[in-house]
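**Student:** With the input below, show me the fold.
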Amino acid sequence: MKNHDIVEKNIGLMVVFIVVAISFGALVEIVPQFFIKANNEPIEGLEPWDPVVLEGRDIYIREGCHVCHTQMVRPLRAEVERYGHYSMAQESVYEHPFLWGSKRTGPDLARVGGRYSDEWHRAHLYNPRNVVPESNMPAFPWLFDNVVTGEHTADKMRAMRAVGVPYTDEAIAKASEPFVGGRVKEIDALVAYLQQLGVLVQQKR
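**Tutor:** Here you go, the predicted model:
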């Protein structure tokens with residue numbers, strides 16, 4: 001009996017070899033990426049999110065936007081033609097957790113910042129079919145009523161700093177200031193978050 005026949009007829013042995021092969025591939029392909037300095041440095045101009053954008057990002061997560069929208073333009077011609085410049089590692093160094101996604105029920109949003117007006121986003125989020133008649137996206141009218149209190153914003157910034165986002169003590173101390181008096185609705189925060197997505201990378205369509 002040949003050696004490969006022994007492996008093919010022994011499921012346990014085959015599983016062991018598969019695990020070893022995958023582990024070796026990961027070791028060679030993935031681990032070196034952590035030591036490439038350019039991959040771990042923020043893109044020029046990237047700053048920690050301001051309090052309103054940070055709250056908007058949490059609303060984006062809470063409402064499940066990341067379930068239907070990716071934020072990862074792959075380096076394929078069809079994607080670059082439609083969405084803009086492919087996504088780069090340096091854009092995501094402050095992303096905790098990252099929101100690349102894996103399913104596109106709706107379009108990719110990695111380059112949506114500045115592509116539409118604030119008013120368009122508001123109309124779209126209030127009732128998507130008012131803007132895109134064939135849309136199957138749900139409406140989010142409550143965002144126009146709910147106020148962002150900013151009660152936990154400083155804690156969120158401290159948590160982000162603990163994983164490497166360079167928030168200063170001064171920025172954390174002033175975290176709740178934009179929300180005083182109920183000035184910021186959830187829709188304001190979410191639109192602010194959407195409008196900054198991908199703006200640091202030259203738009204190419």
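
**Student:** where does the residue lying closest to Asp145 once chain neighbours are set aside land on pLDDT?
**Tutor:** Leaving out its chain neighbours, the residue that sits closest to Asp145 by Cβ to Cβ, 6 or more residues apart in numbering is Lys185, at 7.3 Å. For every residue, glycine as well, the C-beta is placed using N, CA and C. We note a pLDDT of 98 for Lys185 in this prediction.

**Student:** Tell me who's in contact with Lys185.
**Tutor:** Contacts for Lys185 (Cβ atoms under 8 Å, 6 or more residues apart in numbering) come out as 143-148.

**Student:** Equivalent analysis for His121, please.
**Tutor:** His121 neighbours (Cβ under 8 Å, 6+ apart): 190-191, 194-195.

**Student:** Tell me if it really is in a helix.
**Tutor:** Yes. According to DSSP: H, G, I helix; E, B strand; the rest coil, His121 belongs to a helix.

**Student:** buried stuff in the helix or strand where Leu125 lies?
**Tutor:** Element membership of Leu125, judged by DSSP states H and E, is helix 118-126. Across helix 118-126, burial judged by 16 or more other Cβ atoms under 10 Å covers 121-122, 124-125.

**Student:** repeat for stretch 151-162
**Tutor:** 153-154, 156-157, 160-161.

**Student:** go on, stretch 189-205?
**Tutor:** 189-198, 200-201.

**Student:** So what touches that stretch?
**Tutor:** By Cβ under 8 Å, 6+ apart, the list of residues contacting stretch 189-205 reads 43-46, 49, 52-53, 55-57, 59-60, 63, 71, 80-85, 88, 91, 109-115, 118, 121-122, 125, 143, 148.

**Student:** switch to 7 Å and redo it
**Tutor:** For stretch 189-205, contacts defined as Cβ atoms under 7 Å, 6 or more residues apart in numbering pick out 43, 45-46, 52-53, 55-57, 59-60, 71, 80-81, 84-85, 91, 109-114, 118, 121-122, 125, 143, 148.

**Student:** what's the answer for stretch 30-50, then?
**Tutor:** So stretch 30-50 is contacted by 57, 88-91, 93-94, 165-167, 200 (Cβ under 7 Å, 6+ apart).

**Student:** Just the ones of the buried residues of stretch 151-162 in helices?
**Tutor:** 153-154, 156-157, 160-161 (DSSP state H).

**Student:** residues contacting the nearest residue to Ser135 once chain neighbours are set aside?
**Tutor:** In space, and not counting its chain neighbours, Ser135 is closest to Pro128: 4.0 Å by Cβ to Cβ, 6+ apart. Shown in contact with Pro128 (Cβ under 7 Å, 6+ apart): 135, 137, 139.
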